[in-house]
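K.L.:
this is a predicted model, with the sequence first.
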Amino acid sequence: MSAVLILSTAPTREEATRIAEVLVAEKLAACVQFSAIDSWYRWEGKVEQAAEIRLHIKTTEALADRVEQRIAALHSYAVPELIRVAVSGGGAPYLDWVEAATAQD
């Protein structure tokens, strides 16, 4: 099993909650954590700043494409952040849990 961490952001806690609930309920993610952040970025030629919610989504490589597609469908941003980070190691019991929690019936 190869675990991955998908990073994304949402404009509000409510949207982050909705995304997290759907991903976990549909067994696309074992866990979604989020916290408030301040973002600085360039958009349409201007430097922008916004308060956002950072999402850390734990899933498997086999499900990563589906997770990204689901986030894009649920998201209010025209271009949601979707960054996939391969997990090169970690606690075996935790990684086993990620796999079990996302096992598709």
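P.N.:
Arrived safely. Please read these numbers as outputs of a predicted model, since none were measured by experiment.
K.L.:
give me the neighbour count for R13.
P.N.:
Counted with other CB atoms under 10 Å, residues neighbouring R13 total 12. Yep, even glycine has a C-beta here, placed from its N, CA and C like the rest.
K.L.:
contact partners for it?
P.N.:
By CB atoms under 8 Å, 6 or more residues apart in numbering, the residues touching R13 are F34, A36, I53.
K.L.:
just the ones of those in helices?
P.N.:
Secondary structure defined by DSSP state H assigns none of these to helices.
K.L.:
show the buried residues in those.
P.N.:
Taking 16 or more other CB atoms under 10 Å as the criterion, what is buried in these is F34, I53.
K.L.:
closest to E21 out of the contacts of R13?
P.N.:
Among the contacts of R13, F34 lies closest to E21 (CB to CB), at 11.4 Å.
K.L.:
was I right about that closest one contacting I53?
P.N.:
Yes. When contacts are counted by CB atoms under 8 Å, F34 is listed as touching I53 (5.0 Å).
K.L.:
quick one: contacts of the helix or strand containing P93?
P.N.:
Using DSSP states H and E, P93 falls within helix 92-101. Identification of contacts with helix 92-101 by CB under 8 Å, 6+ apart yields M1, A3, K27, A30, C31, K58, T59, T60, V87.
K.L.:
now with 10 Å?
P.N.:
Residues outside helix 92-101 that contact it (CB atoms under 10 Å, 6 or more residues apart in numbering): 1-5, 24, 27, 29-31, 58-60, 62, 87, 89-91.
K.L.:
can you pull the buried residues of it?
P.N.:
Neighbour counts over helix 92-101 (16+ other CB under 10 Å) mark L95, V98, E99 as buried.
K.L.:
just stretch 73-91 next, same as before
P.N.:
By 16+ other CB under 10 Å, the buried positions in stretch 73-91 come out as H75, P80, E81, L82, V87.
K.L.:
what about the helices in the protein?
P.N.:
According to DSSP H, the chain carries its helices in the segments 13-25, 61-74, 92-101.
K.L.:
ok, back up a step: ok, the buried residues of helix 92-101 vs Q49, which is closest?
P.N.:
Nearest to Q49 among the buried residues of helix 92-101 is V98, at 33.8 Å by CB to CB.
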